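Visitor: Model the following, please.
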Amino acid sequence: MAKKRKPTFECGACGYQTSKWLGKCPECGAWNSFLEVPEESAVYHGQDLSAVAPQPISKIEKSEHPRYSSGIPEFDRVLGSGFVPGSLVLVGGEPGIGKSTMMLQVCEKLAHTGKRVLYFSGEESPTQIKMRGDRIGAVSDNLFISSEVTVAGILSLVEQHKPAMVIVDSIQTVFSEDISSAPGTVSQIREATTKFLFAAKRSGVAFIVVGHITKEGAIAGPKTLEHIVDTVLYFEGERFHARRIVRAVKNRFGSTNEIGIFEMTAAGMVAVPNPSAVFISERAREAAGSAIICALEGTRAILLEVQALAADSNFGTPRRMAIGVDQSRLHLLLAIMEKRLDFAIQRDDVYVNITGGFAVSEPAADLGVCMAVASSFLNKALGEKDLFIGEIGLAGEIRSVAQLEKRVREARAMGFDRAIVPAGLRKNIKDLAEKDFQIIEIATLKQAFDLTF
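Guide: Alright, predicted model coming up:
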């Protein structure tokens with residue numbers, strides 16, 4: 001007699017599994033969210049589960065993925081030169097940040113090249129999408145809109161129309177009739193995404209699924225959803241600011257270091273051709289507490305403004321706040337400044353901000369942060385055309401950073417007068433110095449301070 005399978009229950013909010021039903025999920029705290037998992041996973045229905053014979057890797061024929069462009073160079077940069085047929089892309093972002101607008105623009109660009117595109121929207125009616133399409137100029141006979149939300153219905157229409165790309169906006173509204181849970185639950189999201197993955201690999205159609213961002217800043221659904229798809233793109237930026245950053249968190253067909261910078265306008269998302277000029281354009285002249293650094297994002301060097309404010313504290317424990325900079329790193333840099341520069345800053349509140357909503361995680365920003373804090377502490381402005389590049393060690397030494405030549409070239413191209421950089425430059429970097437552009441080498445934080453002030 002076959003042994004009876006023990007039931008398994010899964011939380012519909014976070015995916016936590018247990019052998020018995022629980023009223024409250026111990027993982028996420030959701031109430032009445034547990035549902036019994038079916039004995040056979042529905043994602044395998046209709047799939048060929050026969051074993052595939054292994055073969056030596058030396059005998060496998062290499063095939064290049066024939067990419068096709070999205071028509072938006074800045075978006076192609078993040079994807080890695082365009083879309084790969086048969087790929088599954090997950091796009092995430094907060095509500096109102098521009099995901100649907102960008103997807104409609106991509107659809108329009110592809111449709112005008114003669115490729116057929118299917119856009120499935122469970123959140124907006126075709127009439128609403130048409131209104132947005134008229135506003136941004138995304139109208140084409142090759143762009144088909146549907147409000148279908150069942151997985152079976154979507155795959156049936158894909159089989160019927162044979163498009164080059166399918167957009168599903170959003171994955172939280174799509175559901176499979178093989179699963180009894182409600183749309184938007186973990187089981188439904190995982191089920192639908194896995195079926196779309198099988199369909200993409202089988203047909204060679206590129207799928208893009210749009211996902212919401214939760215309050216915690218993660219794509220709604222289980223973390224395993226990111227392992228299912230080929231590429232994960234996040235839209236970043238303040239909802240009430242025009243600037244948007246598209247970042248690749250995962251990309252099986254390209255780099256995860258690239259970013260795309262856009263600006264939300266009445267005509268849709270417009271690429272920013274020169275990010276450095278945008279991020280430093282509003283810098284106040286002769287203002288204390290402002291320094292310019294150069295951050296590296298993939299193959300792009302971007303000039304950013306670091307603002308710092310050091311003020312007397314009214315409390316026993318001074319406040320330390322960092323926006324766009326790691327707060328632990330800020331504490332470390334302040335301790336180095338106290339020790340190596342004899343700054344009595346331990347009793348002051350210190351606030352540091354990277355303007356434009358940009359976040360910098362690399363240590364190359366250390367020197368710029370310290371100089372901005374020192375400028376505010378002394379109430380003396382730094383040189384308006386000075387660029388600071390360098391990592392600071394615990395002994396106060398200035399350490400070299402990656403791709404320094406590219407950073408210096410960006411500063412020279414943006415019309416800066418001098419770049420303060422770590423000592424020990426190679427000849428190809430020294431050759432970048434000109435009559436109107438100095439490259440100054442420093443070995444310690446004390447040297448940078450003496451040079452600047």
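Visitor: a strand runs through Leu90, doesn't it?
Guide: Yes - the assignment for Leu90 by DSSP: H, G, I helix; E, B strand; the rest coil puts it in a strand.
Visitor: and it, what is it in contact with?
Guide: Ile171, Thr193, Ile208, Val209, Gly211, Ile219, Leu225, Glu226, Val229, Thr231, Val232, Leu233 (C-beta atoms under 8 Å, 6 or more residues apart in numbering). (Glycine included, C-beta is placed from N, CA and C.)
Visitor: secondary structure class for the residue most central in space within the chain?
Guide: What sits nearest the mean C-alpha location of the chain, by C-alpha atoms, centre = their mean, is Arg247, with 2.7 Å. Secondary structure, three-state DSSP: Arg247 is strand.
Visitor: Give the buried residues for stretch 361-368.
Guide: Pro363, Ala364, Ala365, Asp366, Leu367, Gly368 (16 or more other C-beta atoms under 10 Å).
Visitor: ok, so of those residues, who is nearest Ile145?
Guide: Among the buried residues of stretch 361-368, Ala365 lies closest to Ile145 (C-beta to C-beta), at 44.7 Å.
Visitor: measure that closest one to Ala266 for me?
Guide: Look at Ala365 and Ala266: by C-beta to C-beta, to the nearest Å, they are 34 Å apart.
Visitor: With Pro56 instead?
Guide: Counting by C-beta to C-beta - Pro56 and Ala266 are separated by 57 Å.
Visitor: Also Glu362?
Guide: Taken as C-beta to C-beta, the span from Glu362 to Ala266 is 35 Å.
Visitor: How about Val37?
Guide: 47 Å.
Visitor: which of these two has more neighbours?
Guide: Val37 (15 against 7; other C-beta atoms under 10 Å).
Visitor: Now the phi/psi pair for Ala164, please.
Guide: Note on Ala164: its backbone torsions stand at phi -90, psi -30 [degrees, to the nearest 10].
Visitor: For it, which non-adjacent residue is closest in space?
Guide: Distance criterion C-beta to C-beta, 6 or more residues apart in numbering; nearest residue to Ala164, sequence neighbours excluded, is Lys115 at 3.9 Å.
Visitor: Please, where are all the strands along the stretch 101-250 of the chain?
Guide: For the stretch 101-250 of the chain, applying DSSP state E, counting those that start in this stretch gives strands covering 117-121, 143-146, 165-169, 206-212, 231-236, 243-251.
Visitor: What are the boundaries of the helices in the stretch 1-150 of the chain?
Guide: 73-79, 99-112, 126-136 (DSSP state H, counting those that start in this stretch).
Visitor: What are the buried residues along the longest one?
Guide: For helix 99-112, burial by neighbour count (16+ other C-beta under 10 Å) applies to 99-111.
Visitor: wait, is Ser375 part of a helix?
Guide: Yes - under three-state DSSP, Ser375 sits within a helix.
Visitor: pretty sure it is in contact with Ser290, am I right?
Guide: Yes - applying C-beta atoms under 8 Å, one finds Ser375 in contact with Ser290, separated by 6.9 Å.
Visitor: Now do the buried residues in stretch 337-352.
Guide: So, applying 16+ other C-beta under 10 Å, buried residues of stretch 337-352: Met337, Arg340, Leu341, Phe343, Ile345, Asp348, Asp349, Val350, Tyr351, Val352.
Visitor: Among the residues you listed, which are located in helices?
Guide: Met337, Arg340, Leu341 (DSSP state H).
Visitor: Looking at those residues, which is nearest Ala284?
Guide: Looking across these and measuring by C-beta to C-beta, the closest to Ala284 is Met337, at 23.0 Å.
Visitor: what's near enough to touch the closest one?
Guide: Taking C-beta under 8 Å, 6+ apart, one finds Phe343, Ile345, Cys370, Val373, Ala374, Leu445 in contact with Met337.
Visitor: Kindly state the pLDDT recorded for it?
Guide: What the model reports as pLDDT for Met337 is 95.
Visitor: sorry, back to before: can you redo the contacts of Leu90 as TSV with distance to Ser147 and neighbour count?
Guide: Shown next, in TSV, are the contacts of Leu90 (distance: C-beta to C-beta, whole Å; neighbours: other C-beta atoms under 10 Å):
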residue	distance to Ser147	neighbour count
Ile171	15	26
Thr193	20	26
Ile208	17	26
Val209	16	27
Gly211	19	26
Ile219	23	25
Leu225	23	24
Glu226	27	18
Val229	23	25
Thr231	26	24
Val232	26	21
Leu233	24	24
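Visitor: Please produce a markdown table containing the residues you listed, extended by distance to Leu432 and pLDDT.
Guide: A markdown table is the format used below for the contacts of Leu90 (distance: C-beta to C-beta, whole Å; pLDDT from 0 to 100):
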| residue | distance to Leu432 | pLDDT |
| --- | --- | --- |
| Ile171 | 48 | 90 |
| Thr193 | 48 | 93 |
| Ile208 | 41 | 95 |
| Val209 | 45 | 94 |
| Gly211 | 44 | 87 |
| Ile219 | 42 | 52 |
| Leu225 | 45 | 79 |
| Glu226 | 41 | 84 |
| Val229 | 42 | 94 |
| Thr231 | 36 | 93 |
| Val232 | 37 | 92 |
| Leu233 | 34 | 92 |
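Visitor: for those residues, which one is nearest Arg67?
Guide: Distance to Arg67 across those (C-beta to C-beta) is lowest for Thr231, with 12.1 Å.
Visitor: if I pick that closest one, what's in contact with it?
Guide: Applying C-beta under 8 Å, 6+ apart, the residues contacting Thr231 are Leu79, Ser87, Leu88, Val89, Leu90, Ala248, Lys250, Asn251, Arg252, Phe253, Gly254.
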